[in-house]
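# Output the structure for:
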Amino acid sequence: MENYRKFIKHLSNSQSPKEFLNSDEDHALVIFEQLFSQAKKDIRIFAGSLCCDSDKNYHVANDSQYISALSEFVERGGKVKIILNDFNPVAAVKSNLMRRLLYYKVEFHDRIEIKTTTTKLSYKEDVEQKSIHFTVIDNNAYRIETNIEQRSATGSFNNEEVAVGLIRIFDDIYQNKSQNLDIVKLFSN
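Sure thing, here's the model as predicted:
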């Protein structure tokens, strides 16, 4: 894992357009930490719930390293927009990530925006139409989760063409096909 971590850090620091792969949750966590540390202004996340499912005790987004890296970005003045397409309010109130997002929503109102949608995304070429999730950093880095069960993904730290394409998809859903999630209200019930 240490070699993978060094490789990913090198790709990020050198702003290489080379595509990376990750094959599981541990590799995903390495990618997210590096993406969040590289981010300057904006992070857009299109995901399922960002919480542990009832049959699973672990979720990458609930890992302390993920939460810490995202928190450091927000503390640097960054903005996070999240769209969840499989939101689970029961799991959300138990989630360490959601508690942290609540804190930042109260502390820095305009830096955290969360919405929900029923929109599912997949590659057009995928005959099975398997759902994908993605994260975009600023307008040049991204990670597309091509297998949301195994957390396998592909991405790049410097591919503006793909990143901007994902931003267009995200912004369309955000503006036209989603509803605001009042995280403060969620936790006050």
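# just checking, residue 8 touches residue 32?
No - counting by CB atoms under 8 Å, residue 8 does not reach residue 32; the two are 10.3 Å apart. All C-beta atoms are positioned from the backbone trio N, CA, C, and that covers glycine.
# Outside of the helix or strand where residue 5 lies itself, list whatever touches it.
Element membership for residue 5, per DSSP states H and E: helix 2-13. By CB atoms under 8 Å, 6 or more residues apart in numbering, the surrounding residues in contact with helix 2-13 are 16, 18, 20, 27, 30, 31, 34, 35, 37, 38, 141, 157.
# which stretches of the protein form helices?
Listed in chain order, the helices of the chain (DSSP state H) span 2-13, 25-38, 64-75, 89-92, 96-107, 160-176, 183-188.
# Show the contacting residues for the residue sitting nearest the centre point of the chain.
Centrality entry for the chain: nearest residue to the mean C-alpha point is residue 45, 3.7 Å, by CA atoms, centre = their mean. Residues in contact with residue 45 (CB under 8 Å, 6+ apart) are 80, 81, 82, 83, 133, 134, 135.
# rerun at 10 Å
32, 61, 70, 80-84, 114, 133-137, 143, 170 (CB atoms under 10 Å, 6 or more residues apart in numbering).
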